Structure formats: structure tokens, C-alpha cells
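Enquirer: Sequence and computational prediction follow.
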Amino acid sequence: MFRRTHFLLALATTLIAANVSSATAQTPRIDPRVATILDNVSQDSLHAYLAKLVSFQTRNAMSVSDRPDWGVKAAREYIMHTMQSFSPKLQVSLDCYDVDQQGRIMQPTQLCNVVAVLPGKSARRIYISGHYDTVARQANGRFDWSKWDNPAPGADDDGSGTVLTMESARVMAQSGLDFDATLVFMAVVAEEEGLIGASLHAAKAAKEGWRIDAVLNNDMVGNVEGNDGITDSRTVRVFSEAPTDSPSRQIARYIKRWAAVYVPSTVIRLIAREDRFGRGGDHTAFNREGFPGVRFTESLENYSRQHIKDDTLGGVDFHYLTRNTRIDDAVAATLALAPPAPDVMSERSHQPMLGRGESGYDAALRWQASPGAAGYRVVWREAWTPDWQYEVNVGNVTEHTLPNVSIDDYVFGVAAVDADGHESVVAAYERQPRARTNVRQEGGGR
Ligand SMILES: [Zn+2]
């Protein structure tokens with residue numbers, strides 16, 4: 001009886017603490033300024049950019065030509081000049097690399113990503129990306145990487161992700177908002193040859209020590225019609241790498257949480273794998289360098305139109321593409337306005353600052369204060385569960401104890417929240433895997 005009373009008392013204390021602090025940290029709510037950004041996403045603009053991209057006939061990474069109306073170089077010039085026209089605040093440049101012949105790159109080629117940077121108050125970066133290059137099989141149905149002048153309009157793959165990126169750059173730069181994070185809008189080259197443009201950029205980011213908090217990669221986000229006749233314009237998939245509590249998975253959970261607030265008509269389908277089975281995308285190039293990132297892809301791919309001359313404007317549903325653009329922008333704007341995620345790792349032990357409290361049966365969480373935070377949101381869930389189940393807003397503190405919640409049986413996390421309710425992604429309390437136990441045996445064997 002005593003134990004039960006003790007438990008209820010502890011529970012009541014937790015709930016009271018939650019109420020008291022709810023003035024500074026609350027469940028997700030719409031920021032009218034972010035809603036205005038989403039309102040400004042224009043279906044007509046998306047259509048106009050995509051019609052222009054398709055008009056270059058191919059954007060194969062090797063279709064470099066001085067013709068102003070054909071090939072990958074004309075396309076990147078168009079993307080660059082269009083983004084430059086949006087706002088003087090956008091710093092738009094070509095991010096070029098001279099690449100030798102190798103793999104699917106059949107001759108030495110200059111490959112250029114188009115990068116538009118909207119500087120924030122801090123240098124930490126949030127990316128929205130799509131690949132502007134295309135590829136198409138030959139008339140015999142096979143790929144021939146040594147031929148790159150066959151028509152490859154790539155309206156959905158990945159003109160859709162490219163124009164989503166361009167339109168996002170426009171509405172964010174024209175919003176007049178002072179973001180805390182630096183937003184980067186990147187039209188990526190040579191995805192089809194093996195994530196070349198993204199890999200080169202991600203390697204440079206790692207070498208330069210840039211802090212990248214999230215990559216929202218969009219690859220095929222405009223088609224709603226499977227070639228089996230089934231359509232789905234309600235759902236978009238979000239792929240994220242293992243393990244279950246990787247920073248990439250926290251971004252995926254964040255997308256689901258915030259899309260439900262700003263674009264409730266769309267169902268976010270989280271997929272707990274890096275990408276589609278046996279297939280790849282540019283977010284993986286960032287993941288390989290240790291940066292968190294996810295991939296958005298339409299619910300149903302139309303395999304009968306992929307990587308051929310029939311990937312045309314008619315296969316893109318612009319209403320769907322507009323909604324997907326709004327999802328990226330809701331997530332990126334909220335993340336960029338929010339404080340950075342709190343650091344939950346001990347500098348000394350490099351393990352999460354999570355203990356059992358005085359009783360041995362509590363969850364005692366500590367974290368480093370996050371600049372700009374007005375409060376924190378502590379979340380937890382049963383360890384055999386994919387998404388956060390419980391939460392409490394704990395005010396502007398750097399520790400919190402959840403009584404009678406076993407740290408063995410639950411997973412924990414904490415997010416930073418500012419005075420307007422913008423949340424960071426969750427920082428999870430996960431231990432590094434144990435090293436192998438090496439036991440020396442008699443006679444020197446192992
Ligand atoms: Zn693609």
C-alpha cells in the first residue's frame with residue numbers, strides 16, 4: 001500500500017511539473033509565420049521550373065555542352081540563375097569537381113552541384129536537396145553509360161525533388177524570417193552514376209568540419225500512380241538509416257510529428273531502412289560521412305516510367321508535389337527556428353548522462369543547456385516500440401527524474417524548445433555498443 005501511494009504521489013508530482021512548465025514548452029502548435037511560408041509555395045512555380053528542366057531534353061551528368069537549350073550544363077545554369085533571382089539573401093554558387101573516368105563516369109567530366117545558402121544566426125546547417133541529373137536506358141532497354149544524348153527528361157526522377165528544392169529556397173528566402181540555422185538548398189549532380197555529387201559535397205563538409213543537423217533529400221516526390229493501376233496521393237514515404245535511435249531516425253520521427261501539424265492531409269509513412277530494397281539515394285552519401293539525413297519518396301513508384309524517355313511532365317501530380325514541398329518546408333523552417341538539440345553525452349565518459357536515481361528504479365536524465373532554449377521536452381517509450389509514447393515538458397532545466405521508469409525497459413530522449421514552441425529533434429540516450437571481450441587463455445591462445 002505504501003509503495004502504491006508513493007508511486008501515485010510521484011506521478012502526481014510529475015504531472016504538476018508538466019502543467020507548471022507548459023507555459024514555456026507545449027505540444028506542437030502552428031507558428032503563423034511558418035504557415036505563411038507554406039501558403040506561399042506555388043504549384044504554378046513548381047510547374048514552370050519543371051517544364052523548363054524537362055525542355056533541356058537530358059540532364060545526364062556527362063551531357064556537358066555549350067548549347068544554351070540542351071544538356072546538364074544548360075540545366076544547372078538555369079537552376080543557378082533562377083535561385084539567384086529569388087532574393088539577394090541567397091548565396092547561390094556552383095559546387096564543382098573535376099572527376100576522372102571511373103565506374104559509370106565514362107570520360108573526365110566537370111560535375112557541379114548547385115548550392116544556395118540562406119545564412120542563419122548560427123553556422124549549423126539544414127539541407128533540402130534533390131538531384132537534377134537524369135539518365136535513360138537505350139532503345140533496347142539497357143543502360144549504356146557511354147551514351148548520354150538520348151532523351152532523359154527525368155520529370156519525376158528527379159526533376160520533382162529539384163523543383164521542390166528550388167521552390168523551398170524561394171519561400172524561405174522571401175519569408176523575411178531570421179532563422180537560427182543556416183538553410184542550404186542543393187540541386188545535386190550525378191546521383192545516377194553512384195551518388196557522386198552528394199558524396200563529393202559530403203566529404204568536403206566533413207573535411208571542413210561543417211555541422212549538418214539534417215539532410216532532407218527528395219528523390220521522386222511527384223508521382224501518385226503505380227504501374228499496377230493503384231494510386232496513392234495521400235502518402236509520402238520517409239526512409240532513414242539504422243539503428244533505431246540514430247539521429248537520422250530522430251529526424252524521421254520529427255517529420256511525422258510536425259507534418260501532422262502543418263500538412264495533416266498527408267500521411268507520413270516512416271520506413272525503418274536506409275532506402276528502398278537494394279537501391280540508393282543522396283542522403284546515404286551524407287550518412288556515410290556521419291551526417292543525419294533521410295529520403296522522401298512518393299508512396300508508389302511507377303517503374304514503367306523510370307529511367308526512360310517517358311518520365312515526362314504528365315507523370316507528375318503537381319498537387320501532390322506541392323504538398324510534399326510544404327512538408328519539407330514545415331520541417332526545415334521549424335528546425336531552423338528551433339534551438340539545436342541538447343547534448344546528452346558526457347564529455348568525460350562519452351556515454352549518455354542517464355542514471356537510475358537515488359531509488360535505483362528511476363530515470364535520472366541530464367543534458368547540456370541548448371542556446372536559445374526556453375524549455376525542454378523529455379520523451380520516452382517502451383524499448384520494443386518504434387515511436388515516442390510519453391512526454392513531459394520540464395521547463396528551463398538541465399536535468400529531470402522520471403520516478404519509477406526503468407532505464408532498462410524504456411528508451412529516453414530530450415528536445416530543446418524555444419519560447420514560440422519550435423522544437424529541436426530529440427537527442428536520444430543511447431549507449432555505444434560494447435567492445436568485444438578478448439580473453440587471454442593459458443598458452444597464449446585467444
Ligand atoms: Zn533519382
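Expert: Structure's in. What do you need? Note that this is a predicted model, so its numbers are computed, not measured. Residues are numbered from 1 along each chain as shown.
Enquirer: neighbouring strands for the helix or strand where residue 129 lies, and are they parallel or not?
Expert: Under the criterion of DSSP states H and E, residue 129 resides in strand 125-131. Partners of strand 125-131 in the sheet, by DSSP bridges, are strand 182-188 (parallel), strand 212-218 (parallel).
Enquirer: will you turn these into JSON lines that also has distance to residue 29?
Expert: Every residue, glycine included, has its C-beta placed from N, CA and C. Below are these laid out as JSON lines (distance: least, Cβ to Cβ, whole Å):
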{"stretch": "strand 182-188", "distance to residue 29": "22"}
{"stretch": "strand 212-218", "distance to residue 29": "21"}
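Enquirer: now the helices: where do they sit in the stretch 1-150 of the chain?
Expert: Remark: helices assigned in the stretch 1-150 of the chain by DSSP state H, counting those that start in this stretch are 2-21, 32-39, 43-55, 71-84.
Enquirer: Could I get the contacting residues of residue 166?
Expert: 49, 79, 82-83, 185, 187 (Cβ atoms under 8 Å, 6 or more residues apart in numbering).
Enquirer: Write out the residues of the stretch 1-150 of the chain neighbouring the ion.
Expert: The stretch 1-150 of the chain comes close to the ion at no residue, as judged by Cβ under 5 Å from the ion.
Enquirer: now with 6 Å?
Expert: residue 131 (Cβ under 6 Å from the ion).
Enquirer: Return the nearest residue of the stretch 1-150 of the chain with respect to the ion.
Expert: residue 131 (5.6 Å; Cβ to the ion).
Enquirer: Could you do the stretch 251-400 of the chain as well?
Expert: Counting by Cβ to the ion, the stretch 251-400 of the chain gets nearest the ion through residue 281, at 6.6 Å.
Enquirer: Can you get me a residue count around that residue?
Expert: Residue 281: 28 surrounding residues under other Cβ atoms under 10 Å.
Enquirer: can you check residue 405 too?
Expert: 19.
Enquirer: Provide a list of residues in contact with it.
Expert: Counting by Cβ under 8 Å, 6+ apart, residue 405 touches 362-363, 380.
Enquirer: Show me those residues that map onto strands.
Expert: Counting by DSSP state E, the contacts of residue 405 place 363, 380 in strands.
Enquirer: Mark which of the contacts of residue 405 are buried, thanks.
Expert: Using 16 or more other Cβ atoms under 10 Å as the burial test, the contacts of residue 405 include 362-363, 380 as buried.
Enquirer: Quick one: the residues you listed as JSON lines, columns for pLDDT and distance to residue 119 too.
Expert: As requested, the buried ones among the contacts of residue 405 are exported to JSON lines (pLDDT from 0 to 100; distance: Cβ to Cβ, whole Å):
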{"residue": "362", "pLDDT": "98", "distance to residue 119": "43"}
{"residue": "363", "pLDDT": "98", "distance to residue 119": "39"}
{"residue": "380", "pLDDT": "98", "distance to residue 119": "36"}
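Enquirer: ok, these vs residue 202, which is closest?
Expert: Within the buried ones among the contacts of residue 405, the smallest distance to residue 202 is 32.3 Å, found for residue 380 (Cβ to Cβ).
Enquirer: How about the contacts made by the closest one?
Expert: For residue 380, the contact set (Cβ under 8 Å, 6+ apart) comprises 363, 388-391, 402, 405, 410-413.
Enquirer: If you rank every helix and strand of this protein by mean pLDDT, what lands last?
Expert: helix 2-21 (a mean of 42; mean pLDDT, DSSP states H and E).
Enquirer: can you give me the helices for the stretch 251-400 of the chain?
Expert: Secondary structure of the stretch 251-400 of the chain, counting by DSSP H, counting those that start in this stretch: helices at 282-288, 318-337.
Enquirer: right, so of the ones you listed, which gets closest to residue 353?
Expert: Across those, residue 353 has its closest neighbour in helix 318-337 (23.4 Å, Cβ to Cβ).
Enquirer: Buried residues in the closest one, which are they?
Expert: Residues of helix 318-337 classed as buried: 318, 320-337 (neighbour count, 16+ other Cβ under 10 Å).
Enquirer: Thanks a lot, see you next time.
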